[in-house]
Every structure is written in structure tokens, then in C-alpha cells.
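**Student:** Let me see the structure of the following:
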Amino acid sequence: MPNNHNPDYDVVIRGGRVVDGTRMPSFVGDIAIKNGRVAEVGSVTGTGREEIDARGLVVAPGFVDNHTHYDAQLNWDPYASQSCWHGITTVVIGLCGFGFAPCRPEDRERAMQRMTRVEAIPYEAMKLGMRWDWVTQDDFLRAFERAGIGVNVASYIPHSAIRAYVLGADDNKRGEVTPDELEQMKELVREGYRAGALGISTDQNLIDRDYDGGMLPSTIATNDELEALVSVAREFNVGSMEITPANMHIGETEIAQLKRLFVVSGRPVIHNTLIESAHLPGAWKRALDHLDAANEEHRIFATAVVHGIGSLFSLLEYNLFDDMPAWNKALACPVEQRIANLKDPAIRELLAWDVANHLNRVWSGRWNRMRVRESELKQYVGRYISEIAESEGKTPLDAFCDIAVAEGLRTMFYIEDQINSDDKANAEIVAHPYVIPGASDGGAHTQFLSMGKYPTVMLSKWVRDEKVMSLEEAHWRLSHMAASSIGLEGIGTLERGMPADIVVYDLGKLRVTPDEPYYEQILGGGKRLIEKAEGYRYIFVSGVMTFKDGECTNALPGRVLRTAAYKPKIEKVAAE
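**Tutor:** Have a look, this model is predicted:
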């Protein structure tokens with residue numbers, strides 16, 4: 001309700017259950033907002049230009065999504081949907097070594113092509129939507145400020161982009177670099193820090209591939225190169241570094257690497273992503289044990305998926321089998337060749353061998369949890385591949401390939417247990433002291449996955465329904481922990497003087513909607529899976545309301561969040 005009689009504050013949120021993000025017990029009280037910040041907490045006697053009745057509602061800090069790929073989407077969608085629909089007010093980009101800055105004008109096409117496969121971002125959307133009014137990372141972040149954003153944005157320094165800037169077309173062909181090239185890359189990292197970025201990010205996992213199915217620049221880089229770039233962190237002592245290692249399950253090799261990167265950088269190291277996989281029972285538990293032991297002398301966190309994830313796909317465009325070598329070779333090619341490969345009995349034998357033996361992968365391999373979702377072959381719709389195979393006297397792999405090939409790879413399949421199908425494991429993962437909830441991958445794989453809903457799931461399922469943790473613990477994890485663990489300072493609580501990034505919601509009514517994701521057309525004619533939420537009444541970014549009852553207000557109050565290493569004016573980019 002507006003108040004035009006000389007108000008003391010811009011907004012006063014009254015009578016809600018205040019969960020301030022510090023893990024202190026919640027209380028019923030008021031929050032006053034002035035000039036984009038929390039001005040008072042408790043019993044506010046002054047008036048607000050806008051008065052909000054929050055009785056019966058929870059008032060909490062906005063959520064921090066510290067693993068997204070909105071680098072492209074923010075150019076045409078300043079609210080970072082789907083994240084914004086689920087109370088997220090800050091997103092972090094530049095993860096996994098991917099990104100669009102620094103980038104020379106002549107390399108823009110290749111940068112967009114790379115993201116079509118590695119993060120499955122539709123090319124036409126990028127071609128039509130990206131402004132490309134930048135070269136350096138500082139330019140890139142300033143471009144968001146010029147255009148306006150509806151969420152706060154922080155960024156890492158992407159390793160593959162650094163390699164591309166220095167090595168050009170050789171970035172994913174040449175592992176070794178010269179001393180001069182390495183120094184150029186280190187200077188680009190320094191310039192990233194001076195632009196306010198958090199630190200270097202990199203990726204060594206085979207599921208992430210270049211546009212032609214080959215290795216990414218960061219994947220073929222030597223460990224000496226990676227450590228040299230990571231060591232630049234000691235010159236600035238801010239932020240963190242992030243890595244998607246060769247094996248996401250954190251075995252002995254991976255934890256040794258994470259510890260080494262902490263020693264080299266002196267800053268927290270973020271592992272992406274801790275998952276529960278049905279084909280590797282107990283691997284998630286061993287990963288948690290490794291984290292516990294490592295943190296006796298190091299600072300290592302893991303982002304984690306905190307609920308079950310399914311995947312809707314066709315073989316016309318799908319990259320989440322790329323971590324199996326034979327599948328990558330068979331599918332990373334033109335459609336005609338892909339169909340020929342899937343008809344070939346010899347290639348099918350190789351695909352079957354990968355499913356049985358190549359266990360360092362994401363997909364569970366359980367054919368009894370993969371069903372036909374949409375098909376012109378109506379006799380198969382709604383049935384599981386294992387059941388179809390049994391009824392036709394085939395192996396599940398043959399049934400899968402036969403159906404896909406029969407309609408030119410247009411069949412839509414749904415994997416029910418892509419990752420994290422064990423709720424007992426999820427409950428233990430989400431409550432672990434060194435696990436950061438999230439890993440939404442927002443802006444990526446949008447045709448196949450929908451993971452931006454995690455705050456809504458965490459609060460409705462793990463707090464309200466399952467009572468795995470308290471409301472105070474959940475909000476601390478979703479906001480302050482998510483920010484401070486990666487070195488993002490000055491956000492994540494509702495203490496006096498903090499930015500007024502706030503969610504107001506009805507815990508009893510909070511839920512993901514609809515029950516199954518649906519497709520929405522996006523810029524350029526592509527599509528993405530949609531899952532929204534019910535129960536969020538108001539969302540504020542920097543004290544300005546961006547959503548009311550699920551409807552966008554069209555305000556653009558978001559900020560670029562930078563570290564203490566930020567230098568407002570930096571020198572011209574190196575290696576130009």
C-alpha cells in the first residue's frame with residue numbers, strides 16, 4: 001500500500017517471520033528499506049512509501065545461485081529466468097571455464113558455436129540476442145550495467161575464454177603453451193581480478209565438449225598451466241576458484257587435486273558438482289568423507305544438486321551422453337551420419353560397452369527409468385525402454401536406437417533418474433557443512449534440464465515436508481553461505497546496512513509448478529523447459545520490487561557484484 005505523506009523509508013515490510021540469513025532464530029518483525037539497503041530490522045515505527053503486510057509470510061534474504069551459465073541469456077533476459085521465479089536475486093556466471101569475455105570480435109562466432117554444444121545454448125538465440133558490445137571482461141560486466149539487469153551478477157574468469165584469446169584457433173588443439181603465451185594468459189587473469197571477478201574457473205570433465213564434439217581448451221591444458229593461472233590469486237587474496245574435474249564423484253585423485261589448488265591459490269576451491277548416481281552406490285558418501293578430511297587443513301566446498309533431476313531429450317540435440325567416448329563419437333556429427341551410426345551393429349556394441357563399463361559418467365544407465373515421452377510411434381508413448389525391449393525380444397539399447405532411428409531421431413525420451421534419485425542420499429548431502437546448495441546450471445541445457453527450482457524444492461521439501469533442517473539453516477545456506485563460500489562479500493543477510501535483496505513468501509503454499517516441466521519457445525525459435533513456482537509474494541533486488549505474486553514488474557535494479565580487487569579503470573587488455 002503506497003504512503004505519500006513524507007514517508008521515512010522507501011518500503012516497510014511489516015509483521016512477517018524474519019529469517020535474517022545469519023542462522024539466528026527467526027522472529028516476527030518488520031524490515032525497513034531505504035536507498036536500496038536494509039535500514040531497520042525489528043519494530044519499525046517510521047512509515048514507508050510502500051507498506052507491505054507480511055503477516056503469515058516468511059521474509060528472508062534473496063537466494064544466491066552460485067553456479068549458472070546465464071552469460072548469454074542475460075543479454076536478452078535481464079531477469080535470468082528460471083532463477084528469478086524461485087527467489088534468486090544473485091547469479092554467478094563465468095563457470096566451468098566457459099564464457100564470452102575476453103573475446104576478440106573475430107572470435108565471437110566460434111565462442112557462440114562452442115556454447116551450442118558444451119552448454120546447449122541455442123545458436124539462433126545467441127546470434128539474435130547477444131549485444132557483443134565488449135572485448136575485455138571489464139567491458140563485459142559494464143555492458144550489463146549499461147543495459148540494465150533485474151538480478152545481481154558476479155562472475156568468474158573463464159579458463160577456456162582466456163586460452164581462446166591468446167591461442168586463437170589453436171586453443172583446443174595445443175596443450176603446451178610457450179612462456180610468453182602463459183604470461184599473456186596470467187595477465188588476462190589479473191585483468192579479470194581488476195574487473196572485480198572472483199577468480200579462475202576451469203573444466204576437465206568429458207561430458208563438456210566443444211561444438212565439434214572435441215575437447216575443450218581447458219580440458220587439454222596442462223596442470224602446470226592451470227596452476228600458473230590459479231597462482232595469480234595470491235596477488236589479490238579475494239574470491240575463490242572453481243573446477244569441474246575429470247570425475248565429479250570426488251575420488252582420491254580429485255580430492256588431491258582440489259587440495260593442491262587450494263595450496264597454490266590460497267583461496268577457497270569450489271568443486272562442481274557433487275551428485276548422487278544410481279550406478280555408483282556410495283560414491284556420494286565417500287565424496288562427503290573426502291570433503292570432511294580435506295577441510296581439516298584446506299578450504300574446499302562442493303556445489304551440489306539437492307533434489308532428483310530428470311532429463312527430457314531427443315537425439316537431434318543432446319550432449320549429456322558425451323562423457324561416454326563411444327556415444328560422443330557416434331552422436332557428435334551431422335544428423336545423417338548420426339542415424340547411420342545408430343543403425344550400425346558394431347557401433348551399438350561399443351555403445352553397450354560404454355554403458356556397462358564407462359562408469360565415470362552422469363547418466364545412471366537404467367533403461368527401466370527411461371521412457372518414451374513423445375513419439376509418432378504411438379504404441380511406445382509412456383512406456384519404459386526396458387519394457388519395450390522385453391516385449392520385442394531386444395536388448396534395451398537396440399530398442400532405444402530402433403525407436404530413435406525410425407523417426408529420424410525426433411523421439412522425445414525422458415530419463416527419470418538423470419542424477420540424485422536417492423532422497424536419503426539427497427537429505428544427507430543437502431545438510432553437509434561443506435556443501436553449497438544449487439548448481440542450477442541456469443541458462444544452459446534448457447531444452448533438457450530444469451534445475452533453477454532448487455530453492456523452492458529445498459524450502460518446501462527439505463524444510464517444510466521432510467524437516468531435514470530448520471528454516472534458519474536453509475536460508476543461511478541459500479544466501480549467506482552460498483555467497484561467502486565463494487568469496488562474495490556484503491550480501492546474503494538482512495542485517496542493517498546490507499543490500500535489500502529480499503524474498504517474501506508463504507511457506508505453506510510454496511511449490512514448484514506444474515508437476516512436470518513444459519516447453520516454452522525462446523528467442524530465435526528455440527525452446528526451453530519451464531518450471532515456475534507458487535507461494536512467492538514479493539521479490540526485491542536492491543530494495544526495488546522485481547516480482548509480485550509471480551508477475552514481473554519490469555524494474556531493473558540489479559547490480560554487478562565485484563570483489564575488493566576491483567579497479568574502476570584498468571589498462572587495455574593484454575595480447576591484443
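
**Student:** Beta-bridge partners for the residue nearest to Val28 when sequence neighbours are not counted, please?
**Tutor:** Nearest residue to Val28, sequence neighbours excluded (CB to CB, 6 or more residues apart in numbering): Arg17, at 5.7 Å. For every residue, glycine as well, the C-beta is placed using N, CA and C. Beta-bridge partners recorded for Arg17 (DSSP bridges): Val28, Val58.

**Student:** Quick check: Arg17 vs Gln204, distance?
**Tutor:** 44 Å (CB to CB, to the nearest Å).

**Student:** do Glu227 as well
**Tutor:** Using CB to CB, Glu227 is found at 13 Å from Gln204.

**Student:** Between these two, which is the more surrounded one?
**Tutor:** Higher neighbour count among Glu227 and Gln204: Gln204, with 23 against 14, using other CB atoms under 10 Å.

**Student:** Mind pulling up the pLDDT for that one?
**Tutor:** pLDDT, Gln204: 93.

**Student:** close enough to count as contact, it and Thr219?
**Tutor:** Yes: at 5.4 Å, Gln204 counts as touching Thr219 under the criterion of CB atoms under 8 Å.

**Student:** Please work out which residues outside the worst-scoring helix or strand of the chain on mean pLDDT touch it.
**Tutor:** Ranking every helix and strand in the chain by mean pLDDT, DSSP states H and E puts strand 511-521 at the bottom, with a mean of 86. If you take CB atoms under 8 Å, 6 or more residues apart in numbering as the criterion, strand 511-521 is touched by 312, 447, 450, 453, 456-457, 460, 527-535.

**Student:** name the helices or strands packed onto the helix or strand that it is followed by?
**Tutor:** Going down the chain from strand 511-521, the next helix or strand is strand 527-534, by DSSP states H and E. Using 3 or more CB pairs under 8 Å, 6 or more residues apart in numbering; DSSP states H and E, the elements in contact with strand 527-534 are strand 511-521.

**Student:** Report the distance from the strand it packs on to the chain centre.
**Tutor:** Strand 511-521 has its C-alpha centroid displaced from the chain centroid by 18 Å (CA atoms, centre = their mean, to the nearest Å).

**Student:** Tell me the buried residues in it?
**Tutor:** 511-512, 517 (16 or more other CB atoms under 10 Å).

**Student:** Using PDB, write down the CA coordinates of whichever helix or strand Tyr193 is part of.
**Tutor:** Remark: Tyr193 resides in helix 179-194, with elements defined by DSSP H and E. C-alpha atoms of helix 179-194 as PDB (Å, rounded to 0.1, in the frame of the first residue of the first chain):
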ATOM      1  CA  PRO A 179      56.300 -19.000 -21.600                       C
ATOM      2  CA  ASP A 180      55.200 -15.800 -23.400                       C
ATOM      3  CA  GLU A 181      51.700 -17.200 -24.100                       C
ATOM      4  CA  LEU A 182      51.400 -18.300 -20.400                       C
ATOM      5  CA  GLU A 183      52.400 -14.800 -19.200                       C
ATOM      6  CA  GLN A 184      49.800 -13.300 -21.500                       C
ATOM      7  CA  MET A 185      47.100 -15.600 -20.000                       C
ATOM      8  CA  LYS A 186      48.200 -14.700 -16.500                       C
ATOM      9  CA  GLU A 187      47.900 -11.000 -17.300                       C
ATOM     10  CA  LEU A 188      44.400 -11.600 -18.600                       C
ATOM     11  CA  VAL A 189      43.600 -13.300 -15.300                       C
ATOM     12  CA  ARG A 190      45.000 -10.300 -13.400                       C
ATOM     13  CA  GLU A 191      42.800  -8.100 -15.500                       C
ATOM     14  CA  GLY A 192      39.800 -10.300 -14.600                       C
ATOM     15  CA  TYR A 193      40.600  -9.700 -11.000                       C
ATOM     16  CA  ARG A 194      40.900  -6.000 -11.500                       C
END
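
**Student:** give the contact list for the nearest residue to Ala533 once chain neighbours are set aside.
**Tutor:** Of all residues not flanking Ala533 in the chain, Thr456 sits nearest, at 4.6 Å (CB to CB, 6+ apart). Shown in contact with Thr456 (CB under 8 Å, 6+ apart): 86-87, 510-512, 533, 535.

**Student:** Could you check which helix or strand contains Thr456?
**Tutor:** In this structure, Thr456 sits in helix 454-457 according to DSSP H and E.

**Student:** Can you give the distance of that helix from its chain's centre?
**Tutor:** Relative to its chain's centre, helix 454-457 lies at 13 Å (CA atoms, centre = their mean).
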